[in-house]
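Asker: quick check, what structure comes out for this input:
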Amino acid sequence: MAETRAEIRLPTEELRDDLPFYTRVLGFRLDMIYPADNPSVAVLSGHGLRLRIEKGAPEAPGTIRILTDDPAFAEGARELVAPNGTRIEIDAANPPLVLPPTEHAFVVRRLADQAPWIIGRAGMQYRDLVPSRLGGAVIASHIRIPDGGPVPDMVHFHKVGFQLIFCINGWVDVVYEDQGGPIRLHPGDCFIQPPEIRHRVLEASDGIEVIEIGVPAEHVTEIDHEMALPTPHLRPDREWQGQRFVHNVGATGAFTRFRIPGFVARDTTINANTKGVAGVMVARPSGGPAPWTRHDADILFTFVMQGGMTLEGEGKEPFRLSPGDAFVTPPGMATRYADPTADLELLEVSLPGTFTTTLSGSST
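Answerer: Numbering: from 1, shown residues only. Have a look, this model is predicted:
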C-alpha cells in the first residue's frame, strides 16, 4: 500500500536560524534535511504536525497553534515568533468550561415573526429562540429535519455545562455511550446529554422537530474518531461531570401541582439527575386563573408546544402566544399566564433546577 503524507510548507531566509527554535524551544523532531553541503529544506514533525521549512518558499509565515497542558512548555510563553516569522500561539489542550454571567432580559420569540432557519451540523435546520443568548449564557434552538431517513452524523460529544434535547414532533433514533443500543425519542420525550457523553444521531422521521438547550451558548463539538457505538458496556448509573444520562418518556409521567396555581406539571427527573444544575417541566392548565408571579431563577426559558395563552409582563404589552413561540422571563419580573386554551402545553427549562416562585407577595 502506497504511503501518503501531508506537509505544511513554511518559508525561511536562513534555515540554520530556524532549526534550533523549532527543535529546542517547540520540541519538533528533525526528520529530513538537504542538501547536505548547504541545507535549504528541513522537514520536522511533532504535536500532530509535519512541517517543511523551505528557503525561498513563496508562502506567508502563517500561524501555528500548539495545544498543551504542560505549564513548562516553551518556558511558559503563550506567544512566540519564530526566526522565519511564523507566529506561535500556545494554548491549553483542555481549557476549563467558562460559563459567562447571564445578561438578564425579557425575550419573546414568535414563530410568526419568520425568524430564519439556518442549515447547521449534519444538515439539520436551526431556528434561534433566544437571539441575545443572554450574554452567552444559553442557547435555545428549534431544530427540524424536513426529510427523514438516515442522518449523516458522526460519533461526537459537546463540551457543555448542560444540554437538553426535547422532542416535540416526529421521532429520532440516537445511540449513546454506555447506554445500550439505539434509543427512539418520541414527542414529549427528552434526553439529557451529560457533558462529553459520546453519541450519534442515527435516523429521524419526516418532520422531526426538537428543542435543544445548551449552556453556555458557545460550546465546542468534537468528533470522536476512535469510539464505536453502541459501546459494549451498559452503565445507566455512570456520571459525566456529576450528571447522569436521562431518557425521560413523556407518556409515563404523572402531572402534579405546578409552581404556578391554575397549572399542573410533570417533572422529567432532570433536576435530580443533574444534581440541581437544571430543571425541565411540562406544564398544562388545570382550571382557574393564574396569578401574577415572580421567580428568582437565573434562567427561565419557556416554549409553547401546543395551544395558546396570553403572556402578560409588568410594563410590557401582552403577547398572545401560539405553538412554536418561546420566551425568557428574567428574575424578579412579574408575569402572568392569562387566558390559556384547554390544550395549552408548555416546556419550561430552569437553571438552576430548584428556585423560588413568589405569588402576590407570598412564596411557594
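
Asker: so who does M333 touch?
Answerer: Going by C-beta atoms under 8 Å, 6 or more residues apart in numbering, M333 touches F106, R294, G313, E314. For glycine as for every other residue, the C-beta is placed from the backbone atoms N, C-alpha and C.

Asker: just the residues you listed now: which is nearest G148?
Answerer: Distance to G148 across those (C-beta to C-beta) is lowest for F106, with 36.4 Å.

Asker: what does the domain assignment say about this structure?
Answerer: Structural domains assigned to the chain are 8-92, 116-248, 252-363, following automatic domain parsing.

Asker: could you check how far the shortest one is from the centre of its chain?
Answerer: A distance of 35 Å separates the centroid of the chain from that of domain 8-92, by C-alpha atoms, centre = their mean, to the nearest Å.

Asker: spatially central residue for this protein, please.
Answerer: In the chain, the centroid-proximal residue (C-alpha atoms, centre = their mean) is G214; its distance is 4.4 Å.

Asker: hmm, M32 is touching A42, no?
Answerer: Yes. Contact criterion C-beta atoms under 8 Å: M32 and A42 qualify, at 6.9 Å.

Asker: neighbour-wise, which of these two wins?
Answerer: Using other C-beta atoms under 10 Å, the more surrounded residue of M32 and A42 is A42, with 24 against 10.

Asker: let me see the contact set for that one.
Answerer: A42 makes contact with L15, D18, L19, L30, M32, I33, R52, I53, according to C-beta under 8 Å, 6+ apart.

Asker: recalculate using a threshold of 10 Å.
Answerer: Contacts of A42 were listed using C-beta atoms under 10 Å, 6 or more residues apart in numbering, and they are 10, 12, 15-16, 18-19, 22-23, 28, 30-34, 51-55.

Asker: secondary structure class for the residue nearest to the centre of the chain?
Answerer: Secondary structure assignment for G214 (DSSP: H, G, I helix; E, B strand; the rest coil): strand.

Asker: what about it, distance to I208?
Answerer: If you measure G214 against I208 using C-beta to C-beta, to the nearest Å, the figure is 18 Å.

Asker: cool, A342 as well?
Answerer: A342 is 27 Å from I208, where distance means C-beta to C-beta.

Asker: how about P95?
Answerer: For P95, the distance to I208 (C-beta to C-beta) stands at 33 Å.

Asker: likewise L44?
Answerer: L44 sits 48 Å away from I208, going by C-beta to C-beta.

Asker: got a PyMOL select line for the buried ones in the contacts of M333?
Answerer: Per 16 or more other C-beta atoms under 10 Å, the buried members of the contacts of M333 correspond to this PyMOL selection:
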select buried, resi 294+313
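
Asker: next, give me the two most distant ones among the contacts of M333.
Answerer: Within the contacts of M333, two members stand farthest from each other by C-beta to C-beta: F106 and R294, at 12.5 Å.

Asker: what's the overlap in contacts for those two?
Answerer: E314, T329, P330, M333, T335.

Asker: show me which of these is closest to T274.
Answerer: When those are compared for distance to T274 (C-beta to C-beta), T329 comes out closest, at 20.8 Å.

Asker: contacting residues around the spatially closest residue to that closest one that is not a sequence neighbour?
Answerer: Distance criterion C-beta to C-beta, 6 or more residues apart in numbering; nearest residue to T329, sequence neighbours excluded, is L300 at 4.9 Å. Going by C-beta under 10 Å, 6+ apart, L300 touches 104, 279, 327-331, 333, 335, 348-351, 355, 357.

Asker: Three-state assignment for L300, please.
Answerer: strand.
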